[in-house]
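J.: below: sequence and its predicted model.
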Amino acid sequence: MQQLDSTNYVDPLDVLRRFIPTPLKAVYRIGSVRVMVQTNDFTLLPALPSEKDTDDLGQASLEWKLVRDPDARGLLETPTFLSAGTLTVVEMGNACLLGLDRERRELLGFLGTDVDPRTYQEFLVPFFCRMTDGTLYEDGEGFSGWNDEPSNA
């Protein structure tokens with residue numbers, strides 16, 4: 001079983017599923033940043049080398065919370081960015097919605113079931129890595145100019 005059963009998650013106070021359990025956790029190093037990934041789906045753990053020293057996440061750390069949303073259908077579309085202050089939202093159609101809070105160093109992502117593992121590893125993981133690198137810049141412009149078309153092959 002690759003995906004934990006999140007279809008039974010019902011909370012009338014959490015219609016956006018922000019607090020859905022994400023029991024799978026791993027720590028990675030992306031450049032000089034340590035990234036803690038939490039998810040409800042094994043296929044959303046990046047194919048990156050794991051961080052050996054997980055005790056001290058320190059100042060240069062970021063958290064990715066990636067939720068597989070069984071209700072979101074469709075393929076990835078061209079990213080649309082919306083930024084205000086330290087917050088950036090990226091929408092890629094119904095298949096993917098991301099929120100990045102550079103001040104809190106948190107990336108929250110909802111990915112539909114039609115986003116296959118290959119598309120995730122080859123397009124979205126590098127995209128998240130660029131967003132992660134962008135948190136190191138005060139103005140957050142480290143990733144916003146990247147406009148590669150998504151591939152759903």
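T.: Done, it's in.

J.: mind listing residues that contact the strand of greatest length in the chain?
T.: Counting residues, the longest strand found in the chain (DSSP state E) is strand 61-69. With contacts defined as C-beta atoms under 8 Å, 6 or more residues apart in numbering, strand 61-69 is touched by 3, 6, 17, 20, 22, 33-41, 43-44, 105-113, 128, 132, 135. Heads up, the C-betas are built off the backbone N, CA and C, glycines and all.

J.: how about stretch 39-46?
T.: Residues outside stretch 39-46 that contact it (C-beta under 8 Å, 6+ apart): 2-4, 6, 20-24, 26, 28, 37, 65-68, 111, 117, 120-121, 125, 128.

J.: what's the ChimeraX line that selects buried ones from these?
T.: A single ChimeraX command is used to select the members of those judged buried by 16 or more other C-beta atoms under 10 Å:
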select :4,6,20,22,26,28,37,65,66,67,68,111,120,121,125,128
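
J.: just checking, which of the contacts of strand 61-69 belong to helices?
T.: Counting by DSSP state H, the contacts of strand 61-69 place 128, 132 in helices.

J.: in PyMOL, how would I select just the buried ones from the contacts of strand 61-69?
T.: Per 16+ other C-beta under 10 Å, the buried members of those correspond to this PyMOL selection:
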select buried, resi 6+17+20+22+33+34+35+36+37+38+39+40+41+43+44+105+107+108+109+110+111+112+128+132+135
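
J.: just the ones of the contacts of strand 61-69 in strands?
T.: Judged by DSSP E, strands contain the following of the contacts of strand 61-69: 33-39, 106-112.

J.: so what pLDDT did the nearest residue to residue 51 once chain neighbours are set aside get?
T.: Once flanking residues are discounted, residue 51 sits nearest to residue 27: 4.2 Å by C-beta to C-beta, 6 or more residues apart in numbering. With respect to pLDDT, residue 27 scores 93.

J.: same check on residue 144?
T.: You'll see residue 144 listed with a pLDDT of 44.

J.: for the residue nearest in space to the middle of the chain, list the residues it contacts.
T.: In the chain, the residue lying closest to the centroid (C-alpha atoms, centre = their mean) is residue 109, at 4.2 Å. The contact partners of residue 109, taken as C-beta under 8 Å, 6+ apart, are 64-67, 96-99, 128.
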